[in-house]
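J.: Fold the following and give me the result.
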Amino acid sequence: MNWNKLLSDKRRGSIAKKQSDDLRTEFQRDYHRIIGSASFRRLQDKTQVFPLDKSDFVRTRLTHSLEVSSFAKSLGQSCFTYIIGNRLDPYADERVKDAACSILECAGLLHDIGNPPFGHFGETAIREWFAENFDSLDRDGLLSEQMRGDLLHFEGNAQALRLLTKLHYLVDENGMHLTYALLNTIIKYPVPSTGINKKSGNIKDKKMGYYFAEKELFEDITSSTGAGSRRYPLTYLLEAADDIAYKTADIEDAVKKGLITFEALLCDLRSDKHMSKCRSDEEKEKYLGLIDRLLKLRERAVRRNVSNPEVNAVQNWIISIQTHMLREATKGFCDNYAAIMDGEFTTDILTASDAYPISEALGEIAYRRAFLSKPILKLEIAAGTILGFLLDKFAYAARDYDTGIELSTIDDKLMCIVSDNYIQNYRFCSAGKSDGEKLYLRLLLVTDFICGMTDSYAKSLYQELSGIN
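T.: Here you go, the predicted model:
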């Protein structure tokens, strides 16, 4: 892969050309399209970790996406400054650096835009619902293996590509008309649902990156950039920025909410379980230095008579951890640059860096101490009830929609509630298709509708349709 082709500014469909007095690059134009979109604004009312949380402190998908965007751009700047300065790539120059930073800034804003309400639990709830209901939805066995796999392995990453290229209907059926370089960056897993192989040892096979419905588009994007079935290089930096953002933020939010105490965090960090993740003396020295930093920050907060010294220490420590992880991610990308550009790098760059022990520790501590806490479990059960109800209603209404079968009065009214944009996209994409593909597109119509909901709207619609409100 080389940057002359990777930085493709091709866009899907026809779109007005840039005016001669518009000094923005094509990738900077992408940024303004995203910021002004309704899909981006909806992230302010979508869960990051704590579903339906009333606190104004904890992250939403919007604040998380802004943090990822900032980290991703910073990684682009530091990595390409090093690559250019050390002449690691004859194609890399200041133009490439500027373009990469703009793309990463945009990709950070978009990386979660396809996620359903209620965080990653929403994805799980959708997958499990289809697993339980497929036999009655596909009564005649019309769906292909990949069509079934798309729903059984429902994935926010694949939904993001679909949303950005089809469902954001403003000018025409081609979505936001974003550049192919940007779209390729957010395709974290360049395989279909039938290509998922978690045992392959290659991170690109871990999940699916696109639906059958976007197969031709995926092929057009990846052939235009030259990435093909390989991971796009900037995807590694986007992924690292996401990991740094959520692993540090989840700890901070959980401490602020009282789910993790200072002493519990310190005890967990010092445990043999996490200390054993250090793969070298150098990694261990850095890891112990981070723990020592946490203790010194508490001492400083106590000396300054801060009202809650332990929370203050954790919040300041998180900034130190982010700096450490950004530095190590930069080194991980640059040290493995040749393998990444050859499409031969098979893991994520944090795992390949000295940030691995702290990254693993923070993720495990947040999962065990916060995600498995009773308040979160109760909220996720409530979220699952809401999503299950909505899928029960709309998926079965959509099953016989547009088939000539007369819908019940209730099902007919339910289909009238579905967004006109999504109905219009269904009609455009289903024209001339087989019965099996039409059924598949109708089921995607339902997931499109539900994924487009904010947490509050999903809760409100559930209450209205169930007669609670």
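J.: Let me know the outermost residue of the chain.
T.: In the chain, counting by C-alpha atoms, centre = their mean, residue 303 sits farthest out from the average C-alpha position, at 40.7 Å.
J.: How is this protein divided into domains?
T.: In the domain annotation for the chain, the residue ranges read 3-14+23-114+155-233, 239-371 (automatic domain parsing).
J.: Dump those to CSV, plus mean pLDDT and distance to residue 469.
T.: In this view, the C-beta of every residue, glycine as well, is placed from N, C-alpha and C. Supplementary listing: those in CSV, determined by pLDDT from 0 to 100; distance: least, C-beta to C-beta, whole Å:
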stretch, mean pLDDT, distance to residue 469
domain 3-14+23-114+155-233, 91, 15
domain 239-371, 95, 27
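J.: Would you mind telling me which of those domains is nearest residue 411?
T.: Using C-beta to C-beta as the measure, domain 3-14+23-114+155-233 is the one of those that comes nearest residue 411, at 22.5 Å.
J.: what about that closest one, distance to the chain center?
T.: For domain 3-14+23-114+155-233, the distance between its averaged C-alpha position and the chain's averaged C-alpha position is 9 Å (C-alpha atoms, centre = their mean, to the nearest Å).
J.: mind listing what residue 73 touches?
T.: 101, 104-105, 108 (C-beta atoms under 8 Å, 6 or more residues apart in numbering).
J.: Among these, which lie within helices?
T.: Among the contacts of residue 73, the residues falling in helices (DSSP state H) are 101, 104-105, 108.
J.: Relative to residue 32, which of these is nearest.
T.: Here the nearest of the ones in helices among the contacts of residue 73 to residue 32, counting by C-beta to C-beta, is residue 105; it sits at 11.6 Å.
J.: Could you count how many residues lie near the closest one?
T.: Under the neighbour criterion other C-beta atoms under 10 Å, residue 105 is assigned a count of 24.
J.: Look up how far residue 309 lies from it.
T.: According to C-beta to C-beta, to the nearest Å, residue 105 and residue 309 sit 36 Å apart.
J.: Please export the C-alpha coordinates of stretch 280-297 as CSV.
T.: C-alpha atoms of stretch 280-297 as CSV (Å, rounded to 0.1, in the frame of the first residue of the first chain):
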residue,chain,number,x,y,z
SER,A,280,9.8,-7.4,30.0
ASP,A,281,11.7,-5.6,32.8
GLU,A,282,11.2,-2.4,30.9
GLU,A,283,7.5,-2.8,30.7
LYS,A,284,7.4,-3.7,34.4
GLU,A,285,9.4,-0.6,35.3
LYS,A,286,7.0,1.6,33.4
TYR,A,287,4.0,-0.1,34.9
LEU,A,288,5.3,0.3,38.5
GLY,A,289,6.1,3.9,37.7
LEU,A,290,2.5,4.6,36.8
ILE,A,291,1.3,3.1,40.1
ASP,A,292,3.8,5.3,41.9
ARG,A,293,2.5,8.3,40.0
LEU,A,294,-1.0,7.6,41.3
LEU,A,295,0.2,7.5,44.9
LYS,A,296,2.2,10.8,44.5
LEU,A,297,-0.9,12.5,43.0
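J.: Identify each buried residue in that stretch, please.
T.: Neighbour counts over stretch 280-297 (16 or more other C-beta atoms under 10 Å) mark 283-284, 286-287, 290-291, 294, 297 as buried.
J.: show me what contacts residue 369?
T.: 254, 259-260, 264, 268.
J.: would you turn these into a markdown table with secondary structure?
T.: Written out in a markdown table, the entries for these read as follows (DSSP: H, G, I helix; E, B strand; the rest coil):
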| residue | secondary structure |
| --- | --- |
| 254 | helix |
| 259 | coil |
| 260 | coil |
| 264 | helix |
| 268 | helix |
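J.: Give me the buried subset of those residues.
T.: Burial of the contacts of residue 369 was assessed by neighbour count (16+ other C-beta under 10 Å); the buried members are 254, 259-260, 268.
J.: Which residue, neighbours along the chain excluded, lies closest to residue 438?
T.: Once flanking residues are discounted, residue 438 sits nearest to residue 430: 4.8 Å by C-beta to C-beta, 6 or more residues apart in numbering.
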